[in-house]
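[1] this is a predicted model, with the sequence first.
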Amino acid sequence: MRSFLALFLARNKEYYRDKSALAWSILLPVFIVIGFAFAFSDEQQDLFKVGIIQSNASSAAAQTPLQKLEYIQWIPFEDHQEGIDRVRYHQIDMLLEPGDPLRFWVNSDNRNGYFLQHLLTANQSENNYILQPVTGRQVRYLDWVMPGILGMNMMFGSLFGVGYVIVRYRKNGVLKRLQATPVTALQFVSAQVCSRLLITLSISTLIFFGSKIFIDFIMIGSYMTLLLIAVLGAFSMISLGLLISTHTASEELAGGLLNFCSWPMMFLSGVWFSLEGAHPLMKDLAQLLPLTHIVTAARSVMIDGASLMQVGHHLLILVVMTSIFILLASRLFRWGRD
Amino acid sequence: MQKSNPAAYNTSPLLEVIGLRKEYDDLTAVNSISFSIHRGTCFGLLGPNGAGKTTTIEMIEGITTPSAGEIRFKGEPRKADFTQFAGIQFQNTALMDYLSVDEILHLFANFYRSTRDIDELIGLCDLGSFRNRYATKLSGGQRQRLLLAIALLNDPEIIFLDEPTTGLDPQSRRNFWELITAIKQQGKTIVLTTHYMDEAELLCDELLIIDQGSIVDSGSPAELLARHFDDSCISLPLSAIGGKEKRLTIEYRTTETEIEFYSQSVEATIHMLLEIQIPLNGLKVRNRTLDDLFLKLTGHQLRG
């Protein structure tokens, strides 16, 4: 335990004294967040989005005066609450339930909803419809992308923070020097993992709350659930970085392998855009990537207020992936060069 | 500097290497070698580049896995806790980038069951003037002294030094030798690999010469020289010969600047030179050295 603690503290000191790396790991995501904040500061879709509660959405739409209008995207819902939540967070402008009387939900803070409400009720008696106002903040793209940016930063910090450091230690002989002491591979590796976990979580927390102050993104769910996702997510990424670094003493090869893992995750894990309409094969592939589960679970908690049970399957997958990575890394780990 | 007179030779060896062998795909790096190291001695492993010195020492240290053979420490097969009793200084080792000398020593001290007093070690290895400096900011000599201090942290019974002065300037090498001599005087057993013959001659009580993975010869420096040479080397500047090589009647060898004669009788050689009217200005007479021995045994010229 003494060896582990000594290595753990030493690695932490090394990290925070490397000012350029520390600054970069904090500044990069901040730059991205600020960039998106400006780029999407005036975001408002021209297209109206109307949800409809009915299995046959098109025939239902035909029963309302809105059918005469173009530029309306009709989105069917089977679940009332899901549709209402979409209205609440401005993801749709109105939710309709055809019938007599006609029921509809609009968010009083949504300007598109305001126009749609007046278009719908212009020539109708008040007895023919029931207006059900909803309140809630608009979900901006920035709110949607924030879990992705946090997850991406966690991914890069964990993969490269562990992978590169161990490969560099192996290349320059630090690992060999440690091998010549009573320190075991388990003590060394666990100290590296725990140190990186602490660093990644600290930086993610700093970015999270710093961005919250700066751009006030939506955070509806439980902070404890989000923390659990962050811990399991960072652990899975660190384990993957560890697996990549088990053998090689080449920083070039390690860099290639780390990029090979990180870039597909950046584009296929739903960091920047949703994979809703993507090819099924791509969606299946995305499920094999830990970042997909981190981002999806974090997004569900932050935007939809999902509970621990609702994101439990993502956490379970992260635990399984981490176990596989750790098991393989422990079998393949070498102190010295190949 | 004074060599130890290892009275401990009559005791059982501290370390025994029996039939040690290391094979790679198409290469036998170490070919079934056996030797013993006695407590309190400085044991030198000498050989040209690629002879198998580092592979041998790393197999003993437990860094490299032998293909065959046995390593016994204090009469028993070497155990997993051997690193608690051994101090090791590798040929090329970096240390943590952003830790100071003091912090590195404290870090490594945490790995051992018992350690020497760090302040005392800092004094012994003369690290006091830069104990708060990052390891990356140290000069070559300072770094080697820090690595030696790390190797001494656990107050080891046996210390492995793999080419510890390679790359150091003459002053730093001399300082390092004084340090090793001080450690020897504490009764420590030292295993040293080196390219420098003056270093081996100065520090080592026992030598093992290996080439191409096999033992060529072993013994104390004096024993080895006495076993292989019974002559002296007489040298003259090359210019003194003046084209009279064909009249020389004894074996000679030329270097870039000198001609060397190897003779059992210095008087007879000088008489022969005078007879063929070769001037004796610049004449030097010296005993045979480990360099000569090396050249004879391995066919490789070493740095001196």
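    Yep, it's here. Numbering: from 1, shown residues only, chains lettered A, B, ... in the order given.
[2] right, and B:Leu95 touches B:Lys137 too?
    No. Under the criterion of Cβ atoms under 8 Å, B:Leu95 makes no contact with B:Lys137, lying 11.2 Å away. Bear in mind the C-beta positions are built from the backbone N, C-alpha and C, glycine included.
[3] all helices in the stretch 151-300 of chain B, in order from the N-terminus.
    B:170-185, B:197-203, B:221-228, B:266-275, B:290-298 (DSSP state H, counting those that start in this stretch).
[4] and of the ones you listed, who's closest to chain A?
    helix B:170-185 (17.6 Å; Cβ to the nearest Cβ).
[5] with adjacent residues omitted, what lies nearest to the residue sitting nearest the centre point of chain A?
    The centre of chain A sits closest to A:Val295, judged by Cα atoms, centre = their mean, with a distance of 2.3 Å. Nearest non-adjacent residue to A:Val295, counting by Cβ to Cβ, 6 or more residues apart in numbering or on different chains: A:Gly151, 4.4 Å away.
[6] next, the contact list for that neighbour, please.
    Listed by Cβ atoms under 8 Å, 6 or more residues apart in numbering or on different chains, the contact set of A:Gly151 reads A:233, A:269, A:271, A:291, A:294-295, A:298.
[7] closest residue of the stretch 101-250 of chain B to chain A?
    B:Asn110 (3.5 Å).
[8] need the contact list for residue 18.
    This is for chain A. Each residue near A:Asp18 by Cβ under 8 Å, 6+ apart is listed here: B:97-98.
[9] sorry, should have said chain B
    Here B:Ile18 is in contact with B:34, B:69-72 (criterion: Cβ under 8 Å, 6+ apart).
[10] out of those residues, which end up buried?
    With burial judged by 16 or more other Cβ atoms under 10 Å in any protein chain shown, the buried subset of the contacts of B:Ile18 is B:69, B:71-72.
[11] which one of those sits closest to chain A?
    Nearest to chain A out of these is B:Ile71 (Cβ to the nearest Cβ; 14.8 Å).
[12] for that closest one, helix, strand, or coil?
    strand (DSSP: H, G, I helix; E, B strand; the rest coil).
[13] so it bridges to which residues?
    B:Val17 (DSSP bridges).
[14] against B:Arg21, how distant is it?
    Remark: distance between B:Ile71 and B:Arg21 (Cβ to Cβ, to the nearest Å) = 12 Å.
[15] one more: A:Gly157?
    45 Å.
[16] so these two - more neighbours on which side?
    In terms of neighbours (other Cβ atoms under 10 Å in any protein chain shown), A:Gly157 is the more surrounded of A:Gly157 and B:Arg21; the figures are 25 against 16.
[17] pretty sure that one is touching A:Thr200, no?
    Yes. At 4.9 Å, A:Gly157 counts as touching A:Thr200 under the criterion of Cβ under 8 Å.
[18] rewinding a little: between B:Leu95 and B:Lys137, which one's more packed in?
    More neighbours surround B:Leu95 than the other of B:Leu95 and B:Lys137, with 21 against 11 (other Cβ under 10 Å).
[19] how about that one: what's its closest non-neighbour residue?
    B:Ala135 (4.0 Å).
[20] and B:Arg247, by the same measure?
    B:Arg247 sits nearest to B:Ile276 (Cβ to Cβ, 6+ apart), 4.6 Å away.
[21] just the pLDDT for that neighbour.
    B:Ile276 carries a pLDDT value of 84.
[22] tell me who's in contact with it.
    Contacts were defined as Cβ under 8 Å, 6+ apart; by that measure B:Ile276 touches B:244, B:247-248.
[23] just give me the closest of the residues you listed to B:Leu147.
    B:Leu248 (49.7 Å; Cβ to Cβ).
[24] report how many residues lie close to that closest one.
    Residues lying near B:Leu248 (other Cβ under 10 Å) number 16.
[25] one step back: so who does the residue nearest to B:Leu95 touch?
    Neighbouring residues of B:Ala135 by Cβ under 8 Å, 6+ apart: B:94-97, B:99-101, B:104, B:143, B:146.
[26] verify the stated contact: B:Arg113 with B:Gln84.
    Yes. With contact defined as Cβ under 8 Å, B:Arg113 counts as touching B:Gln84 (6.0 Å).
[27] does chain A have contacts with stretch B:189-204?
    No. With Cβ under 8 Å from any Cβ of the partner chain as the criterion, chain A is not reached by stretch B:189-204; the gap is at least 13.2 Å.
[28] distance between the ends of that stretch?
    Counting by Cα to Cα, to the nearest Å, you get 11 Å between the two ends of stretch B:189-204.
[29] grab the nearest non-local neighbour of A:Ile130.
    Take A:Ile130 and drop its neighbours on the chain: the residue closest to it by Cβ to Cβ, 6+ apart is A:Arg103, 4.7 Å away.
[30] pLDDT score assigned to the one you found?
    Value listed for A:Arg103 in the pLDDT field: 86.
[31] wait, it touches A:Leu96, no?
    Yes. Using Cβ under 8 Å, A:Arg103 is in contact with A:Leu96, at 7.4 Å.
[32] could you pull out the strands in the stretch 201-304 of chain B for me?
    In the stretch 201-304 of chain B, the strands defined using DSSP state E, counting those that start in this stretch lie at B:206-211, B:214-219, B:232-237, B:252-254, B:258-263, B:284-287.
[33] make that the stretch 101-250 of chain A, sorry
    For the stretch 101-250 of chain A, applying DSSP E, counting those that start in this stretch gives strands covering A:102-107, A:129-134.
[34] what sits up against the first one?
    Just to be clear, that refers to strand A:102-107. A:64, A:83-84, A:87-88, A:90, A:93-97, A:113-114, A:116-117, A:120, A:128-136, A:138.
[35] what's the distance between it and the middle of its chain?
    31 Å (Cα atoms, centre = their mean, to the nearest Å).
[36] what angle separates that strand from strand A:129-134?
    Strand A:102-107 and strand A:129-134 are oriented at 20 degrees to each other (axes from the mean of the first three to the mean of the last three Cα atoms, to 10 degrees).
[37] picking that back up, more neighbours: A:Arg103 and A:Leu96, which one.
    Ranked by neighbour count (other Cβ under 10 Å), A:Arg103 and A:Leu96 place A:Leu96 first, with 28 against 16.
[38] beta partners of that one?
    With DSSP bridges applied, A:Leu96 shows beta-bridge pairing to A:Ile52, A:Phe104.
[39] might one say that it is in contact with A:Thr64?
    Yes. In this structure, A:Leu96 is within contact of A:Thr64 by Cβ under 8 Å, at 6.3 Å.
[40] near chain A, which residues of chain B?
    Within reach of chain A by Cβ under 8 Å from any Cβ, chain B has these residues: B:61-64, B:81, B:83-84, B:86, B:88, B:90, B:92-99, B:103, B:106-108, B:110-113, B:150.
[41] can you list the weak-confidence ranges in the stretch 51-200 of chain A?
    By pLDDT under 70, the weakly predicted segments of the stretch 51-200 of chain A are A:55-63.
[42] so what's the residue of it found nearest chain B up against?
    Chain B sits closest to A:Asn172 of the stretch 51-200 of chain A, with a gap of 3.6 Å, by Cβ to the nearest Cβ. Going by Cβ under 8 Å, 6+ apart, A:Asn172 touches B:93-94.
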